[in-house]
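[1] Let me see the structure of the following:
(chains A, B, C and D)
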2 protein chains.
Amino acid sequence: MGVTIKDIAKSAGVSYSTVSKALRDSPLVKEPTKKRIIQIANQLGYQPNVAARSLVSKKSFTIGIVWPTIERAAHSALITSINKRLEHHGYTTLISINETRTAIDIFNRYRVDAILVFDDGPERYSSPSSVPIVTYGIAEDPLYPTVDVNRKKAIFYAVDYLCRLGHKKICYIGDLKKRDHLQKEKVEGFKQAVLDCKLETFSGQMIPVNGLEQYDGYVAAKDLLRSEVIPSAIVIGSHDLTRGILQAIHESELSVPEDISIISYDNIPEMNNLVIPFSTVGVPLETITKKLTEVLMDTINNKNKDKEMSRVIYLEPKLHISQSCRPIN
Amino acid sequence: MGVTIKDIAKSAGVSYSTVSKALRDSPLVKEPTKKRIIQIANQLGYQPNVAARSLVSKKSFTIGIVWPTIERAAHSALITSINKRLEHHGYTTLISINETRTAIDIFNRYRVDAILVFDDGPERYSSPSSVPIVTYGIAEDPLYPTVDVNRKKAIFYAVDYLCRLGHKKICYIGDLKKRDHLQKEKVEGFKQAVLDCKLETFSGQMIPVNGLEQYDGYVAAKDLLRSEVIPSAIVIGSHDLTRGILQAIHESELSVPEDISIISYDNIPEMNNLVIPFSTVGVPLETITKKLTEVLMDTINNKNKDKEMSRVIYLEPKLHISQSCRPIN
DNA sequence: AATAATAATAACAACGTTGTTATTTTATTT
DNA sequence: AAATAAAATAACAACGTTGTTATTATTATT
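    Predicted coordinates:
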């Protein structure tokens, strides 16, 4: 079974409390003894028992991530980055892919120091959690501190940018369903921009997709390109759609940005494996994870009090200009 | 802070040991008292402290999954299924996406009951882990009990099947690099089958890809279709490649299976969102996760002794015949 | 060399559970 | 109604750790 502090004590001929102090590098134990103890610990492959430790110290130095939507590729990049950042703060990340309610219960049983919820779902989970919760991307009347991207503004910026380049006929390809809050925001941003920029509106300006995968983008774009009036620019609501849309454009023997300008919503800085470097709007992934880590640490250290606890932090999207849009004469 | 058994005891006017028994549904406590205690526990939102519990009982009812390659879509389906199965056995699944060595250490500190490693990497981690380890897909001289798919056989079956349909000119598209053990197996299966079935060999019979993504398949197939001799059938080494290959075939105005037969290696039963229902070879995902769960439970309950501990279980692939292959006259 | 001050180590309680043993309450027998 | 058996509950030790307090060993001061 697992090696304990007492095994080390016996082997070193000291009391177990001395071992505890030595391993935590306390100044209360003499340097040579400390060295000897540490060496024995390594030799025996000692790993401190988290259960025992967190039982007495009421700290686990662990963050639980709730991730029921495990397939979402975008989230996996976020989680990788968060994990790295938390590691630097001395925290361990543990993930549960269970349904949100269940996962929160699990982490409560483990008494982790904080829970980070990644769940796009519209479901409300009024969770009696004694462990503090932070959420990402559920800005609609959240019960907990939330970090979110201002998606409305993002798409607004995209349209505004195209407009300043002189584009008049601009389409939006994305999820138009009312259900998904995150996608709805984007649609609103588009509508607002069309209004504010005094752009032409026309039927078929907003093209729906069935899902957010490459294939869905392909289908939607095929559809669009078959119609008689082709827009001079397209705003794409979600990352994966872009590839499919490009594919469709290529098949129509059109090229980007010569024949058509394209800009996509995206947080991930990896639109590089596409044919041309792509222009995007969105909050850089590292900005998101930096803020999330910050909020988590503040929450743990009780830096935010009372009503402040349930406030939303909207991150400001950035326009990342590359080579997929061109000015119109 | 968290509600403890003592809080409940106070509120119910009984001793905390009675509460413990009541919550574990022990016959040692009278039914009405039990009911009352359980009700109070729910009311207070009590969640048992895993740390305290596993400290005394030496059981955590938790399995740690090591998953450093978080992006691998195929694994996410496996993990989802495993999670569900383990839940039925009363186990909780916790995931770490840290580098394998680190993740194993973490789970050792947590004293989970077993660790399941999903790591394709060829790296050897001679880990001094006091928690038992089970691995998936690292059959090459494994240190721990391992479940693996017989990939060599899988591809063999695919070729054999095509051969029996009368195909003579069969190509393989996949990763040909020597590095990746999993991919190498498949290549060997192909070579073996070509030999055993006395098939024609020709230059350019095995087409390499750069990665295992859809795009890589597209590029490889484009290349193939540009050459003067086009095979009558293609065996595809990995799931995601398939879409790209189909794309390329369509662009060449060929159709499947009329002009060309295609069969793909795949464990996931979801080749449905393709244009036609696809023929595949591989071990069904549920078979894999069933066996993995079995091995995990056996390992925990010490059902496998001594040298048996480090044996490999090769799962037998199944041919799943659908509509992407046709017989040749 | 005896005493005080300090450094190093040991002993012990506590954390929230479970499982075992001890005590009290209730039911049964005479 | 007293004695006994059975049922229900309470008390206590243990798990592996940390932090506090008590003890012992060492050094400094006279």
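
[2] What residues does the stretch 201-329 of chain A have near chain B?
    Applying CB under 8 Å from any CB of the partner chain, one finds that the stretch 201-329 of chain A approaches chain B through A:Gln214, A:Tyr215, A:Arg243, A:Gln247, A:Glu251, A:Asn273. All C-beta spots, glycine's among them, are computed from the backbone N, C-alpha and C.

[3] if I pick the closest residue to DNA strand D within the stretch 151-300 of chain A, what's in contact with it?
    In the stretch 151-300 of chain A, no residue comes nearer to DNA strand D than A:Ile300, which is 15.9 Å away by CB to the nearest atom of the strand. Contact partners of A:Ile300, counting by CB atoms under 8 Å, 6 or more residues apart in numbering or on different chains, are A:Asp113, A:Ala114, A:Pro132.

[4] Quick check: which ranges of the stretch 201-329 of chain A have low pLDDT?
    A:269-275, A:303-310 (pLDDT under 70).

[5] pretty sure A:Phe190 contacts A:Leu162?
    No: assessed by CB atoms under 8 Å, A:Phe190 is found out of contact with A:Leu162, at 11.0 Å.

[6] So if I had to pick from the two, which one is more boxed in?
    A:Leu162 (28 against 25; other CB atoms under 10 Å in any protein chain shown).

[7] just to revisit the earlier point, just among the residues of the stretch 201-329 of chain A next to chain B, which is most surrounded?
    A:Gln247 (23 neighbours).

[8] For burial, what's the neighbour tally of A:Pro231?
    For A:Pro231, using other CB under 10 Å, the count is 23.

[9] So it lies in a helix, does it not?
    No: per DSSP: H, G, I helix; E, B strand; the rest coil, A:Pro231 lies outside any helix segment and is coil.

[10] Was I right to think it contacts A:Ile170?
    Yes: contact criterion CB under 8 Å: A:Pro231 and A:Ile170 qualify, at 5.9 Å.

[11] Tell me the residues that contact both of the two, please.
    With CB under 8 Å, 6+ apart as the test, A:Pro231 and A:Ile170 both reach A:Gln205.

[12] Now do A:Asn267: how many residues are near it, please.
    As a burial measure, A:Asn267 scores 22 neighbours (other CB under 10 Å).

[13] let me redo that: A:Ala73
    15.

[14] still on that earlier bit, need the overlap of contacts for A:Phe190 and A:Leu162.
    A:Val235.

[15] so which helix or strand takes in the residue nearest to A:Val209 when sequence neighbours are not counted?
    Among residues not flanking A:Val209 along the chain, A:Asp216 sits closest, at 4.2 Å (CB to CB, 6 or more residues apart in numbering or on different chains). For A:Asp216, the host element (DSSP states H and E) is helix A:214-226.

[16] again with A:Val29
    Counting by DSSP H and E, no helix or strand carries A:Val29.

[17] same check, this time on A:Pro142
    Short version, using DSSP H and E: A:Pro142 is in no helix or strand.

[18] what's the pLDDT at it?
    We have a pLDDT of 78 for A:Pro142.

[19] Pull the number of nearby residues for it.
    Using other CB under 10 Å, A:Pro142 has 18 neighbouring residues.

[20] Determine which two of the residues of the stretch 201-329 of chain A next to chain B are furthest apart.
    A:Glu251 and A:Asn273 (19.0 Å; CB to CB).

[21] quick revisit: tell me the one of the residues of the stretch 201-329 of chain A next to chain B nearest B:Ser255?
    Distances from B:Ser255 to these, taken by CB to CB, are shortest for A:Glu251, at 16.2 Å.

[22] surely the closest one meets B:Ala248?
    No: the criterion here is CB under 8 Å, and A:Glu251 misses it with B:Ala248 at 11.4 Å.

[23] Could you check stretch A:99-117 against DNA strand C for contacts?
    No: Stretch A:99-117 lies out of reach of DNA strand C by CB under 7 Å from any atom of the strand, never closer than 8.3 Å.

[24] Quickly check: that stretch near DNA strand D or not.
    No: applying CB under 7 Å from any atom of the strand, one finds stretch A:99-117 out of contact with DNA strand D, separated by at least 12.8 Å.

[25] first vs last residue of that stretch, how far apart are they?
    11 Å (CA to CA, to the nearest Å).

[26] Residue ranges of each domain in chain A, please.
    Listed domain ranges for chain A are A:5-48, A:62-149+A:285-315, A:151-283 (source: automatic domain parsing).

[27] Please tabulate the ones you listed in a markdown table, including the columns distance to B:Arg72.
    Compiled in a markdown table, those are given as follows (distance: least, CB to CB, whole Å):
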| stretch | distance to B:Arg72 |
| --- | --- |
| domain A:5-48 | 28 |
| domain A:62-149+A:285-315 | 9 |
| domain A:151-283 | 16 |
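
[28] Ok, which of those comes nearest B:Glu99?
    Minimum separation from B:Glu99 across the domains of chain A (CB to CB) falls at domain A:62-149+A:285-315, 10.3 Å.

[29] Enumerate the residues of chain A near DNA strand C.
    Checking chain A against DNA strand C by CB under 7 Å from any atom of the strand, the hits are A:13-18, A:21, A:28-30, A:33, A:52, A:55-56.

[30] Pick out the most distant pair among those residues.
    The widest separation within these, taken as CB to CB, falls between A:Lys30 and A:Leu55 and amounts to 28.6 Å.

[31] Just the helices from chain A, written as ranges.
    Counting by DSSP state H, one finds helices in chain A at the ranges A:5-12, A:16-23, A:31-44, A:50-57, A:73-88, A:100-109, A:151-164, A:181-196, A:214-226, A:241-251, A:285-300.

[32] for these, which one sits closest to B:Asp223?
    Closest among those, using CB to CB: helix A:241-251, at 16.6 Å.

[33] Show me what the closest one packs onto, helices and strands only.
    Judged by 3 or more CB pairs under 8 Å, 6 or more residues apart in numbering or on different chains; DSSP states H and E, the packing partners of helix A:241-251 are strand A:170-174, helix A:214-226, strand A:233-236, strand A:261-265.

[34] What are the contacting residues of it?
    The contact list for helix A:241-251, computed with CB under 8 Å, 6+ apart, reads A:173-174, A:209, A:212-222, A:225, A:234, A:236, A:255-256, A:259-260, A:262, A:264, A:266, A:271, A:274-275, A:278, B:215, B:247, B:251.

[35] okay, that helix in PDB with CA atoms only?
    Provided in PDB are the C-alpha atoms of helix A:241-251 (Å, rounded to 0.1, in the frame of the first residue of the first chain):
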ATOM      1  CA  LEU A 241     -17.800  26.000 -39.800                       C
ATOM      2  CA  THR A 242     -15.000  27.900 -41.500                       C
ATOM      3  CA  ARG A 243     -13.200  25.000 -43.000                       C
ATOM      4  CA  GLY A 244     -16.400  23.700 -44.600                       C
ATOM      5  CA  ILE A 245     -17.300  27.100 -45.900                       C
ATOM      6  CA  LEU A 246     -13.800  27.400 -47.500                       C
ATOM      7  CA  GLN A 247     -14.200  24.100 -49.100                       C
ATOM      8  CA  ALA A 248     -17.500  25.100 -50.600                       C
ATOM      9  CA  ILE A 249     -16.000  28.300 -51.900                       C
ATOM     10  CA  HIS A 250     -13.100  26.500 -53.500                       C
ATOM     11  CA  GLU A 251     -15.400  24.100 -55.200                       C
END
